Every structure is written in structure tokens, then in C-alpha cells.
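Next come a sequence and a model predicted from it.
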Amino acid sequence: MVERSWNRNETEKDTFDETWEKLSRYCLFLTKDRWDGEDIAQEAILKAVNKYGIKNGMRPALLKKIAYHLWIDQVRKKEKESIGLRTSIEQEAEGHQEIGGDAIEQLITRLTPKQLISFVLKEAFQYKNSEIAAYLDMSETAVKGLLNRARTRLKMLAHVQTPEALWTREYHEKVCQILITSLTDQDPSILIQSIPALVPSAPGSTPVLSLAA
């Protein structure tokens, strides 16, 4: 009995360690800060366990969802306290290649669907304009103009904390999760496969708020 109990405890410990490691990496990607990431991971686990119990509360998908909302709350709180995120967005607009969690939230609130997709494919994954044009069913010249408008819009709205919504509320979280997964896994195909659902003009697409390029 002791042997079986010990083995079960060890298995549970291994499962917890694996879950914690994955959740910590996810939170680090969101916050770009080790300490903030660990704080959010710990808070997510506490909230999940308190509400759903140890067994159900340790589900990875649930923990990530809770951590994501905790991060969103943290970002919004920081926005109210300061405009410290401005520098991050200005860097994105100037072609900085690393797009982190805070920047993703800012990009979604400032860019139209086509601008967002083209910007991420160009800056995060280094796609050529011709490749982006093929995915969006546009000319290469049109994509170049799209990217220019995206960078201009980011600069213009860098100081605006609550710009006019370009996505429906229903799609905001969905789009953010797609980008986070694609960038975390360094897999552009996740974003590319989602284009029909995100771009209104794509075949079989589901409409979003903005139809602008």
C-alpha cells in the first residue's frame, strides 16, 4: 500500500511539474517578464483550484484561459496608470521583429483584419510581400500599401489608450489566441489557416466588424 501510494504521489507531482512548466512558458510569452509571468501562473492555478478543485482545476486549457484573462486585466490596469506600452507599439511600427503579448493586444485594437495579418506575417515571420499577397488574394502593390497603412496607423494611435473598435467583441479574444498560439509555436500556418475566418473578403469567411483594408 505504501509503495502504491508513493508511486501515485510521484505521478501526480510529475503531472503538476509538467503543467506548471507549460503554464509558466505561456505566461512568460504573454508578459515578457519572468517574475510577472510566474505571478500570473501562480494566481491562475490558485483561482482554478479554488473554483474547480484540484482535479478539474489543473486542466491546461482552463489554466491558460484564466492566465490570459489575468494578463488582459494587468495590461488594462497598466494602461490606466501610464502610457508605458507606447514604446513597444512604436517599435512594432518601425519594424521591430519580436511581437510579444502586450503588442498583440495593441495590434488587435489598432489594425484592421488585413492589416493585422499582413503585419504579423511580414514582421514576425519575415514573409515576402508576394507571399502575403497570395494568401490574401491581393496584388503585391496592394500589400505594400496595406503594410504602410498599418505602420502609419500604429504611429498615429500610439498615444490612444482606447481607439475605436475594429473587431467585434466576439472575435477579439479569438484573434488574440490565434496570434499567441502561432507566435508561441513559431508556426505561421496557424495564422494562415485562420485567414478565411478573419478576413471578410476570403472565401467561406465569417464577417467581422471592419471591412476596411
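In hand now; what should we look at? Numbering: from 1, shown residues only.

Pick out the least confidently modelled helix or strand of the protein, by mean pLDDT.
helix 86-93 (a mean of 44; mean pLDDT, DSSP states H and E).

Now the element after it, going C-ward?
helix 101-110 (DSSP states H and E).

Tell me who's in contact with the closest residue to Asn56 other than its chain neighbours.
In space, and not counting its chain neighbours, Asn56 is closest to Leu62: 7.6 Å by C-beta to C-beta, 6 or more residues apart in numbering. Where C-beta positions appear, they are placed from N, C-alpha and C, glycine not excepted. Counting by C-beta atoms under 8 Å, 6 or more residues apart in numbering, Leu62 makes contact with Ala48, Tyr52, Asn56.

now do Asn129
Contacts for Asn129 were tallied using C-beta under 8 Å, 6+ apart; they are Lys122, Glu140, Val143, Lys144, Leu147.

Recalculate using a threshold of 10 Å.
For Asn129, the contacting residues are Ser118, Leu121, Lys122, Met138, Ser139, Glu140, Thr141, Ala142, Val143, Lys144, Leu146, Leu147, by C-beta atoms under 10 Å, 6 or more residues apart in numbering.

which ones among those residues are found in helices?
Within those, residues falling in helices by DSSP state H are Ser118, Leu121, Lys122, Glu140, Thr141, Ala142, Val143, Lys144, Leu146, Leu147.

okay, now the first one: neighbour count?
In other words, Ser118. 28 (other C-beta atoms under 10 Å).

what's the spacing between the residue nearest to Gly57 when sequence neighbours are not counted and Thr31?
Among residues not flanking Gly57 along the chain, Ala48 sits closest, at 3.7 Å (C-beta to C-beta, 6+ apart). Distance of Ala48 to Thr31, given as C-beta to C-beta, to the nearest Å: 18 Å.

same check, this time on Leu183
Look at Leu183 and Thr31: by C-beta to C-beta, they are 14 Å apart.

ok, now which ones touch Ala44?
Taking C-beta under 10 Å, 6+ apart as the criterion, Ala44 is in contact with 23, 26-27, 57, 62-71.

try it again with 6 Å
By C-beta atoms under 6 Å, 6 or more residues apart in numbering, the contact set of Ala44 is Leu63, Ile66, Ala67, Leu70.

Neighbours of the last one, how many?
Burial measure for Leu70: 19 neighbouring residues, criterion other C-beta under 10 Å.

Going by neighbour count, which of the contacts of Leu62 comes out on top?
In the contacts of Leu62, the most neighbours by other C-beta under 10 Å go to Ala48, 21 neighbours.

Would you map the helices across the chain?
Using DSSP H, helices in the chain cover 2-31, 34-57, 60-81, 86-93, 101-110, 113-123, 129-136, 140-156, 169-184, 188-193, 195-198.

Most tightly packed of these?
helix 113-123 (a mean of 25; mean count of other C-beta atoms under 10 Å).

What helices and strands are in contact with it?
Packing partners of helix 113-123 (3 or more C-beta pairs under 6 Å, 6 or more residues apart in numbering; DSSP states H and E): helix 140-156.

residue ranges with poor pLDDT in this structure?
For the chain, the stretches with pLDDT under 70 are 1-14, 78-102, 158-167, 170, 200-213.
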